[in-house]
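1. just a sequence and a predicted model for now, questions to come.
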Amino acid sequence: FGYSFFEPRQSWTVRVFAWTDSTDPRSKAAAFEALLRGTPVVTRVVPRLDWMWSRPNIPGIPATNMALDATTRVRLSPGTYTLRTLSDDAIRVWVDGKLVIDHWTPHETVPDYATIAGGAHEIRVQHVQVGGWTELRLDFLPGVSARSTGSAGPH
């Protein structure tokens, strides 16, 4: 039996926005992008992206119609890695400016994957919450991970 823990150092700058019908990311892409260039309702610096709740537990974050734009820099040792997200409702992820995960249609909690090489990377995540359950998690896994279409399971 063996166990190892892998989690590269991260410092995420997370900006949270409240969107309305006029800035709905599902139908008003240009207005939504303009919203993300504006002033967020909440800004936080966190060591990892791992949010899960039925009601926000962070003051100022809306329970519905919430969007998040988060960035970090990460340095991975030489090798191949899997960037895995668990998200509910919609997510997009860029690595070094290249879109690697684009699951922008609202969905229940599902995993998405992208393979990345070791080295220094800038990561950007956009996440949209329409209503109900909120879940967002991003992990870096060593190697190329098996991709399951089943439940992401508890975390």
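-> Good, I have the coordinates. Numbers count the residues shown, from 1 in each chain.

2. moving C-terminal of the helix or strand where Glu33 lies, what's the next helix or strand?
-> Assigned by DSSP states H and E, Glu33 belongs to helix 29-36. Heading C-terminal from helix 29-36, the first helix or strand you meet, by DSSP H and E, is strand 42-46.

3. quick one: average pLDDT of that next one?
-> Taken as a whole, strand 42-46 has an average pLDDT of 96.

4. strand partners of it, parallel vs antiparallel please.
-> Take DSSP bridges as the rule and strand 42-46 pairs in its sheet with strand 12-18 (antiparallel).

5. how about the strand it pairs with: buried residues?
-> If you call a residue buried by 16 or more other Cβ atoms under 10 Å, then strand 12-18 has these buried ones: 12, 14-18. All C-beta atoms are positioned from the backbone trio N, CA, C, and that covers glycine.

6. let's see the longest strand along the chain as CSV, backbone CA atoms only.
-> Ranked by number of residues, the top strand in the chain under DSSP state E is strand 66-88. This file holds the C-alpha atoms of strand 66-88, laid out as CSV (Å, rounded to 0.1, in the frame of the first residue of the first chain):
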residue,chain,number,x,y,z
MET,A,66,-23.1,34.3,-10.7
ALA,A,67,-20.0,34.3,-12.8
LEU,A,68,-16.4,33.8,-11.8
ASP,A,69,-13.2,34.7,-13.6
ALA,A,70,-10.1,33.2,-11.9
THR,A,71,-6.4,33.3,-12.8
THR,A,72,-3.3,31.7,-11.5
ARG,A,73,0.3,30.8,-12.5
VAL,A,74,1.5,27.3,-11.8
ARG,A,75,4.9,25.6,-12.3
LEU,A,76,4.8,21.8,-13.0
SER,A,77,7.9,19.6,-13.0
PRO,A,78,8.8,18.0,-16.3
GLY,A,79,6.3,15.4,-17.4
THR,A,80,2.7,15.2,-18.6
TYR,A,81,-0.3,16.2,-16.4
THR,A,82,-4.0,16.2,-16.6
LEU,A,83,-6.0,19.3,-15.7
ARG,A,84,-9.4,18.1,-14.5
THR,A,85,-12.4,20.2,-13.6
LEU,A,86,-15.6,19.4,-11.9
SER,A,87,-18.2,21.9,-12.7
ASP,A,88,-21.9,22.7,-12.5
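
7. and the following helix or strand past that strand, how far from the chain's centre?
-> With elements assigned by DSSP H and E, the helix or strand that comes after strand 66-88 is strand 90-95. Going by Cα atoms, centre = their mean, to the nearest Å, the spacing between the C-alpha centre of strand 90-95 and its chain's C-alpha centre is 6 Å.
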